[in-house]
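Student: sequence? don't have it. structure:
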Ligand SMILES: Nc1ncnc2c1ncn2[C@@H]1O[C@H](COP(=O)(O)OP(=O)(O)OP(=O)(O)O)[C@@H](O)[C@H]1O
């Protein structure tokens, strides 16, 4: 590659990095190489088929746009999988910057450095790409995630042959609250020794691996490979689809758990709410330790922002964010970790490009679209059943039972009415969650209570009070 091409390629990568953000860049593009540039087309390569298909599906437009910004005549990107021979000969792309940075990290960060051997082990097993920054060292612990963190740590530090304490470990939370971070931390730490094999797969990658192995008639090998690992870590389980894949996942889960191997799963909802999954899988998942990570509290948000600034300063020593700005961001950006990271990236970009220090005024302007109105609390059917049962002095199992005495029928109807009006669940789903009732029964209950609240003041007050309790 000529010097000119090399420089141009560096600039394209720079554009790509700032367009998709550091996280996405290091997950998907860190190992993308330039092979050749021909008049109107650019030939790039990546080391695995999965990376190729992922980039083609999700980022092909972006990659093209970044090239066109440097060479307007380019109208096509050819992406191929490079052979292992070539990769070895040309020495893979340099390690992501974070690895290199580790050399200069203080001793307290040694864990993440110690985790460095993981990729080869993990890549050889066909795992999903890991982000070197998502380690225990960079995970900030607060009230909302203490239990999940402790359980994940315990799993990561287990040894082969140790009794497995909670299996599977199932972590769930809303979007961007640190599930992937924690799961990847388990993988890095677990693979840092040579003793155990920890495999991190997104549910999509699991499906992809299974479907691909079926096509090439190597599904037996795929199953054997999966069952040969010590810890299976599956992220974003809510995306697992397809009957055959689910059946395979169920077999793998059973085989691993029965053999005393650890399984760790993350999803955006509790097992009972994974509606597309088979009942057997749901109950197996619920049978271990289920931990919810609550939304990030303000103190935790502040901690995450501070750690992001420290991380950014390893590359940009002059970057500084005053405490007042950090406190403002922690207070105003309430939704998730991704927005916090985005805010720091913007401040960094702005202060670098304009060579200006970060001020409160600048921060307010830069992050204004990240400040969203408070979303109403997500209410769960179990909460409704619990609160209604308490109010009417019946038990939750009374509400789910087939008993038809008046003292149970009315509370049950109220609970179904609240489930319909306060959640996004469908009538059949509500029916299932109320002891397997038909959707017409739910519809009848909803109409009945709708009709009564407009006439019966006592009932209307009761329903309002229940709503308030649930929304608090
Ligand atoms: N406790 C934490 N400490 C440090 N960083 C955190 C923490 N929680 C979240 N983050 C950061 O927030 C961002 C989003 O987190 P992550 O991707 O792990 O969320 P998620 O729960 O897996 O989201 P999704 O449901 O979309 O998959 C990441 O950059 C992550 O590093």
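Tutor: Arrived safely, thanks for sending. Nothing here was measured: the structure is a model prediction, and the numbers come from that model.
Student: per-residue pLDDT, the closest residue to the ligand within the stretch 101-250 of the chain?
Tutor: Ranked by C-beta to the nearest ligand atom, the top residue of the stretch 101-250 of the chain for proximity to the ligand is residue 178, at 2.8 Å. For every residue, glycine as well, the C-beta is placed using N, CA and C. According to the prediction, residue 178 has pLDDT 95.
Student: now residue 237
Tutor: The pLDDT attached to residue 237 in the predicted structure is 92.
Student: coming back round to it: list the residues that contact the residue of the stretch 101-250 of the chain closest to the ligand.
Tutor: Residues in contact with residue 178 (C-beta atoms under 8 Å, 6 or more residues apart in numbering) are 139, 145, 148, 293, 296, 337.
Student: Buried residues, the longest helix belonging to the chain. List them.
Tutor: For the chain, the helix with the greatest residue count under DSSP state H is helix 49-70. By neighbour count, with 16 or more other C-beta atoms under 10 Å as the criterion, the buried positions of helix 49-70 are 50, 51, 52, 54, 55, 59, 62, 63, 66, 67.
Student: ok, and the most crowded of the contacts of residue 178?
Tutor: Counting neighbours by other C-beta atoms under 10 Å, residue 296 leads the contacts of residue 178 with 28 neighbours.
Student: returning to what we had before: ok, then the element right after the longest helix of the chain?
Tutor: Moving toward the C-terminus from helix 49-70, the first helix or strand encountered (DSSP states H and E) is strand 76-81.
Student: rewinding a little: which one of the buried residues of helix 49-70 is nearest the ligand?
Tutor: Out of the buried residues of helix 49-70, the one with the shortest distance to the ligand is residue 54. That distance is 15.3 Å, counting by C-beta to the nearest ligand atom.
Student: And the nearest residue to that closest one once chain neighbours are set aside, what's its pLDDT?
Tutor: With C-beta to C-beta, 6 or more residues apart in numbering as the measure, residue 28 is the residue that lies nearest to residue 54, at 6.3 Å, once sequence neighbours are left out. Here, the pLDDT recorded for residue 28 equals 76.
Student: So residue 28 is in contact with residue 55, correct?
Tutor: Yes. With contact taken as C-beta atoms under 8 Å, residue 28 and residue 55 are classed as touching, separated by 5.9 Å.
Student: who touches the residue in the stretch 301-450 of the chain positioned nearest to the ligand in this structure?
Tutor: Across the stretch 301-450 of the chain, no residue is closer to the ligand than residue 337, which sits at 2.0 Å (C-beta to the nearest ligand atom). With C-beta under 8 Å, 6+ apart as the criterion, the residues that contact residue 337 are 176, 177, 178, 181, 296, 304.
Student: Please apply the same query to residue 417.
Tutor: Residue 417 sits next to 445, 446, 448, 449, 450, 463 when contact means C-beta under 8 Å, 6+ apart.
Student: try it again with 6 Å
Tutor: Going by C-beta atoms under 6 Å, 6 or more residues apart in numbering, residue 417 touches 446, 449.
Student: Can we start the residue count at 8 from this point?
Tutor: All set: I'll call the first residue 8, so the last point we hit is now residue 424.
Student: secondary structure element for it?
Tutor: In this structure, residue 424 is located in helix 413-429 according to DSSP H and E.
Student: Downstream of that helix, the next helix or strand is which one?
Tutor: On the C-terminal side of helix 413-429, the closest following helix or strand by DSSP H and E is helix 434-440.
Student: Any idea how far that following helix is from the middle of the chain?
Tutor: On the basis of C-alpha atoms, centre = their mean, to the nearest Å, helix 434-440 is displaced by 27 Å from the centre of the chain it belongs to.
Student: Same check on stretch 15-34?
Tutor: With C-alpha atoms, centre = their mean as the basis, the mean position of stretch 15-34 lies at 21 Å from the chain mean.
Student: Check stretch 410-417 too.
Tutor: Relative to its parent chain, stretch 410-417 has a centroid offset of 42 Å by C-alpha atoms, centre = their mean.
Student: One more: stretch 312-323?
Tutor: Stretch 312-323 has its C-alpha centroid displaced from the chain centroid by 22 Å (C-alpha atoms, centre = their mean).
Student: Give me the contacts around it.
Tutor: Counting by C-beta under 6 Å, 6+ apart, the neighbours of stretch 312-323 from elsewhere in the structure are 108, 147, 326, 328, 333, 336, 337, 347, 348, 351, 355.
Student: If we use 7 Å, what do you get?
Tutor: Residues from elsewhere that reach stretch 312-323 (C-beta atoms under 7 Å, 6 or more residues apart in numbering): 104, 108, 145, 147, 326, 328, 333, 336-337, 347-348, 351, 355, 359.
Student: List the buried residues for that stretch?
Tutor: For stretch 312-323, burial by neighbour count (16+ other C-beta under 10 Å) applies to 312, 313, 314, 315, 316, 318, 319.
Student: Not counting sequence-adjacent ones, nearest residue to residue 44?
Tutor: Once its chain neighbours are removed from consideration, residue 44 has its nearest residue in residue 12; the separation is 6.1 Å (C-beta to C-beta, 6+ apart).
Student: Strands of the stretch 208-357 of the chain, start to end?
Tutor: 238-242, 269-274, 296-300 (DSSP state E, counting those that start in this stretch).
Student: can you list these in JSON lines and add distance to residue 423?
Tutor: Output for these, formatted as JSON lines (distance: least, C-beta to C-beta, whole Å):
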{"stretch": "strand 238-242", "distance to residue 423": "33"}
{"stretch": "strand 269-274", "distance to residue 423": "26"}
{"stretch": "strand 296-300", "distance to residue 423": "24"}
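Student: ok, now which ones touch the nearest residue to residue 137 once chain neighbours are set aside?
Tutor: The shortest distance from residue 137 to any residue other than its chain neighbours is 5.4 Å, reached at residue 191 (C-beta to C-beta, 6+ apart). By C-beta under 7 Å, 6+ apart, the contact set of residue 191 is 137, 138, 141, 207.
Student: so how far is residue 36 from the residue nearest to residue 44?
Tutor: For residue 12, the distance to residue 36 equals 18 Å [C-beta to C-beta, to the nearest Å].
Student: Would you mind listing what in the stretch 258-407 of the chain touches the ligand?
Tutor: Taking C-beta under 6 Å from any ligand atom as the test, the list of the stretch 258-407 of the chain residues beside the ligand reads 275, 311, 344, 345, 348.
Student: Let me know how buried the first one is, in neighbour terms.
Tutor: When neighbours are counted by other C-beta under 10 Å, residue 275 registers 17.
Student: where does this protein have low pLDDT?
Tutor: In the prediction, the chain carries residues with pLDDT under 70 at positions 8, 30, 34, 55-57, 90-132, 224-226, 380-384.
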